[in-house]
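**Q** with the sequence up front, the predicted model follows.
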Amino acid sequence: MGTAIFNLTMRLLVRLAYEEFGTLSLKLGQEELPPLRHTCALATALTALPRSVVKSRIRVMWMQQLEELAQQDEPHTCRPLDLEQAVQQLSNMAEEDAVAVIRHVSLLCEEKAQDYVEL
């Protein structure tokens, strides 16, 4: 019973963080809500960055980390806290930078999905 409650709680937390990401994406002018896998990729890439990244470099470094992540085949864990931190980081960025990062992850995820289809 305890495991079931834990799993339900984790799914709820992921859903709430994803809803926050969706709200932010729409606020930034995105026409469609990006899939959850895009949000998880953003969160996973952000966790690999040093905490002391200079604000002016976060866009470039985050996009580079997304590209490195796209080259990996193994699955990654996406925790609710990581999702929340990614949403918070995007919220704190200049709108142009946040949109660029969201578009970049969308492009990379779509390219990765095409790789799987071609196999």
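**A** All right, it came through fine.
**Q** any idea how far the residue nearest the centre of the chain is from T23?
**A** Taking C-alpha atoms, centre = their mean, the centroid of the chain lies closest to L42, which sits 2.2 Å from it. For L42, the distance to T23 (C-beta to C-beta, to the nearest Å) stands at 15 Å. Quick note: C-beta positions are derived from backbone N, CA and C, even for glycine.
**Q** and the helices in the chain?
**A** 2-27, 36-47, 58-70, 80-92, 95-118 (DSSP state H).
**Q** distance between the second one and the chain's centre?
**A** Relative to the mean C-alpha coordinate of its chain, helix 36-47 is positioned 3 Å out (C-alpha atoms, centre = their mean, to the nearest Å).
**Q** you'd agree C109 is up against P35?
**A** Yes: at 7.3 Å, C109 counts as touching P35 under the criterion of C-beta atoms under 8 Å.
**Q** per-residue pLDDT, E118?
**A** Per-residue pLDDT puts E118 at 37.
**Q** let's number from 32 now, not from 1
**A** Fine by me, first position is 32 from now on; the one you just mentioned is E149.
**Q** contacts for the helix or strand of the chain with the lowest mean pLDDT?
**A** Ranking every helix and strand in the chain by mean pLDDT, DSSP states H and E puts helix 126-149 at the bottom, with a mean of 80. With contact meaning C-beta atoms under 8 Å, 6 or more residues apart in numbering, helix 126-149 is reached by 55-56, 59-61, 65-66, 68-69, 72-73, 76, 89-90, 93-94, 97-98, 100-101, 121-122, 124.
**Q** could you export that helix as CSV, CA atoms only?
**A** Output of helix 126-149 as CSV, limited to C-alpha atoms (Å, rounded to 0.1, in the frame of the first residue of the first chain):
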residue,chain,number,x,y,z
GLU,A,126,11.7,35.4,-22.8
GLU,A,127,13.7,35.1,-26.0
ASP,A,128,16.2,32.7,-24.3
ALA,A,129,13.4,30.6,-22.7
VAL,A,130,11.6,30.3,-26.1
ALA,A,131,14.9,29.3,-27.8
VAL,A,132,15.6,26.5,-25.2
ILE,A,133,12.0,25.2,-25.5
ARG,A,134,12.2,25.2,-29.3
HIS,A,135,15.6,23.6,-29.2
VAL,A,136,14.5,20.7,-27.1
SER,A,137,11.4,20.2,-29.3
LEU,A,138,13.6,20.0,-32.4
LEU,A,139,16.0,17.5,-30.7
CYS,A,140,13.2,15.3,-29.4
GLU,A,141,11.5,15.2,-32.8
GLU,A,142,14.8,14.3,-34.5
LYS,A,143,15.4,11.6,-31.9
ALA,A,144,11.8,10.2,-32.5
GLN,A,145,12.5,10.1,-36.2
ASP,A,146,15.7,8.1,-35.5
TYR,A,147,13.6,5.4,-33.7
VAL,A,148,11.0,5.3,-36.5
GLU,A,149,13.7,4.7,-39.1
